[in-house]
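**Student:** predicted coordinates and the sequence they were generated for:
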Amino acid sequence: MRKKIVMLAIAAAFTSCQEDKGYFISGDASEMEDGNMVYVSEIDENTNRPSRVDSTTIEDGRFEFDMEDVESPNLSFLEFENTNGNVIFISENEKINFKIYKDSLRTSEVKGGKENKLLYDYLGHLKEVNEKVMEGRNSMRSAYQAQDSTKLATLQENEKELMDNDKVFKKKVVEENPDSFVSIMVISDMLRMQSYPINEIQEMFDSLSEEVKNTAIGKQIAKSLENNDKVAVGSKAPNFTAPTPEGDKLALKDVMGKVTIIDFWAAWCKPCRVENPNLVKTYNKYKDDGLSVIGVSLDRPGQKDRWLEAIEQDGLPWHQVSNLKFWQEPVAQLYDIKAIPAAFVLDENGTIVARDLRGDALDRKIGELLNK
């Protein structure tokens, strides 16, 4: 009888071990030195920055973490002593295995868990798109230098098709995975890149499970969408006051015209600098008809000289303001700016009538509003 009880106890223990699919990390780090530290970090909900939650050492080329089960997935990272960079993954209650490449952490392999499978499928898609965009733009540069307008137009159309396909891919990820943490990451990318209308992003966010929406990133997106409603087309543009290059205070309400453009930019932003000549052309074309422009710079603290130099180099004749606080610029936060260049077009009543138009599209909209 005693023997049977012992056998049952062993069987129960074996069964419980087999069924335990808790949060467990293991990895091959044979390219790194034994004794080096390995750290697990997670995005802190309060600071929105990575915070170390555990550590171990590499022994015989391997490392292991037996982590406490997580209540919900979170964006996480592996960091290694004496090695720059990190390996991104999602914490989930699964066994997650890593193959670490010391000289190229970003190419390290991550296996285990449906969230990480979806994450690396998504990251692979982004890498492929970025490579094709860079290849296409190099070809555009060559076509421009060769004054081959036909080839340039074809390449531009190819890029547009590529970006349209990227939008379809992202939307499909969200629609097919409403319970996935990766979906909230995809929506975060959409918001940051401003690649979808806000109302569509709101609909996609609303379709997610409550568990996903209640993650740290989900709560941030909910707040961002709420703030974005305040600066959506049809809303009254929030007034603001900020320092001019001369150190005076200038308010939006003091520079309003029949049509007003709020232009978010920075000296360090190459796409902004490329777009500046188009905005100068539009301003000169319509300034006598009532167009006003106010530039809001997201330049870094201590780099006022670069801001002023860019204004002079690009010949920007309109009002300029900045607190020189980079992405913490209060006006940019008020308007929920996640990427630049970004522009808001206001009518004479201060109502936002268009957002993020550039080049000819912006010129046409200004002409339409001024009956030109």
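**Tutor:** That came through fine.
**Student:** how about the contacts made by W327?
**Tutor:** By C-beta atoms under 8 Å, 6 or more residues apart in numbering, the residues touching W327 are L298. Just so you know, the C-beta spots here come from the backbone N, C-alpha and C atoms, and that holds for glycine as well.
**Student:** er, I294 actually
**Tutor:** When contacts are counted by C-beta under 8 Å, 6+ apart, I294 is found next to 250, 252, 255, 260-263, 318-321.
**Student:** burial measure for F169, as a count.
**Tutor:** F169 is flanked by 14 other residues according to other C-beta atoms under 10 Å.
**Student:** name the next helix or strand downstream of the helix or strand hosting it, please.
**Tutor:** Using DSSP states H and E, F169 sits in helix 149-176. Note on helix 149-176: by DSSP H and E, the next helix or strand toward the C-terminus is helix 181-193.
**Student:** how about that following helix as PDB, C-alpha atoms only?
**Tutor:** This file holds the C-alpha atoms of helix 181-193, laid out as PDB (Å, rounded to 0.1, in the frame of the first residue of the first chain):
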ATOM      1  CA  PHE A 181      -0.500  42.100 -27.100                       C
ATOM      2  CA  VAL A 182       1.200  42.400 -30.500                       C
ATOM      3  CA  SER A 183      -2.000  44.000 -31.800                       C
ATOM      4  CA  ILE A 184      -1.700  46.900 -29.300                       C
ATOM      5  CA  MET A 185       2.000  47.300 -30.400                       C
ATOM      6  CA  VAL A 186       0.800  47.500 -34.100                       C
ATOM      7  CA  ILE A 187      -1.800  50.200 -33.200                       C
ATOM      8  CA  SER A 188       0.900  52.100 -31.300                       C
ATOM      9  CA  ASP A 189       3.000  52.100 -34.500                       C
ATOM     10  CA  MET A 190       0.000  53.300 -36.500                       C
ATOM     11  CA  LEU A 191      -0.500  56.200 -34.100                       C
ATOM     12  CA  ARG A 192       3.200  57.100 -34.100                       C
ATOM     13  CA  MET A 193       3.500  57.000 -37.900                       C
END
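**Student:** what's in contact with that helix?
**Tutor:** Contacts of helix 181-193 (C-beta under 8 Å, 6+ apart): 72-75, 90, 92, 115, 118-119, 122, 170, 173-174, 177, 195-196, 201, 204-205, 208, 212-213, 215, 217-218, 220-221, 224-225, 228, 338-339.
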